[in-house]
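In: Return atomic coordinates for the entry below.
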Amino acid sequence: MLKALLTKWGIPMVHIQPSQGDPLPRSASRFSGIALLGSDHSIHDPIRWIYEEQRLVQDALSQDVPVLGHCFGAQMLASVAGASVRRLPRPDIGWRMLTPTPYAHGLWGTFQAVPSFNWHHETFDIPAGAERILIGQHCQNKGFRLGPHLALQCHLEITPDILTAWCQHGAPELACHHSPSVQAASQILSDAPVWLPALHTLARRVYGDWTAHLPESPMASRHHMPHRLDTFLMQSSAHFGEQEGTRHVFRTRTARPR
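Out: Reported below is the predicted structural model:
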């Protein structure tokens, strides 16, 4: 959905999949923003593209290039900003209502509770200088804001096709977990028509707010921001994210949750 909204809003994007061998740019300066989506890897995995992505996010933060992180991408943003990322006692998988904090009521609009889809095994501490914006029942730190950067330990970008692909790929994992924090595939899929409309309404609001910080965004004119280049979207895993699993750096990318 993120990719579709960027196209609708006239924001050009580059979509790369580093886990599939796509090279990462050496500098974030060419882009107006970077979006990092999910992966079935951990940010601690000793993999070359993960190290390269960390360097890119470090460069983005040093140059105030806005970063949006979902799930793995949020953990990457937290880690680069100096916070620790660690394993949860139990995975957090399924539909959840999250609690917004006073720091970000403007971001969520009239939502008193924030609908979300979750699929992750790790969590992060809140970086120094950041504000926690979401709290979850099975994972306390579900999101933070750090200047123009936004981290969400959940997914707003999913579509019915993405959800079906994730449940098919993750069926063995879902079958072996029996915990209040893990929903069955049948429940995830049957509840989707109830959750997705509200989720997508929220996604349009949140992505619109984040893209307003992009210098090249049509929405940035109201903020009187200077013109620059476009957005970068990254995808790290072939099984998760927009379409069948992607990650975005602006120009753009998506993948499966972590």
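In: Give the other helices and strands that the helix of greatest length in the chain contacts.
Out: Longest helix in the chain by number of residues (criterion: DSSP state H): helix 185-211. Counting contacts by 3 or more CB pairs under 8 Å, 6 or more residues apart in numbering; DSSP states H and E, helix 185-211 packs against helix 2-8, strand 85-100, helix 105-108, strand 114-124, strand 149-152, helix 160-169, helix 171-176. Yep, even glycine has a C-beta here, placed from its N, CA and C like the rest.
In: Apply 7 Å and report the result again.
Out: For helix 185-211, the packing partners by 3 or more CB pairs under 7 Å, 6 or more residues apart in numbering; DSSP states H and E come out as helix 2-8, strand 85-100, strand 114-124, helix 160-169.
In: Tabulate those in JSON lines, adding columns for mean neighbour count, distance to H70 and mean pLDDT.
Out: Below are those laid out as JSON lines (neighbours: other CB atoms under 10 Å; distance: least, CB to CB, whole Å; pLDDT from 0 to 100):
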{"stretch": "helix 2-8", "mean neighbour count": "18", "distance to H70": "8", "mean pLDDT": "88"}
{"stretch": "strand 85-100", "mean neighbour count": "18", "distance to H70": "14", "mean pLDDT": "96"}
{"stretch": "strand 114-124", "mean neighbour count": "23", "distance to H70": "10", "mean pLDDT": "96"}
{"stretch": "helix 160-169", "mean neighbour count": "17", "distance to H70": "12", "mean pLDDT": "94"}
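In: how about the ones you listed in CSV, adding distance to P197?
Out: Listed next are the helices and strands packed on helix 185-211 as CSV, based on distance: least, CB to CB, whole Å:
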stretch, distance to P197
helix 2-8, 15
strand 85-100, 13
strand 114-124, 9
helix 160-169, 11
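In: How much space separates L152 from H178?
Out: For L152, the distance to H178 (CB to CB, to the nearest Å) stands at 27 Å.
In: what's the helix or strand for V57?
Out: Per DSSP states H and E: V57 is located in helix 48-62.
In: re the thing from before, what comes up buried for the longest helix of the chain?
Out: 185, 188-189, 192, 195-196, 199-200, 202-203, 205-207, 209-211 (16 or more other CB atoms under 10 Å).
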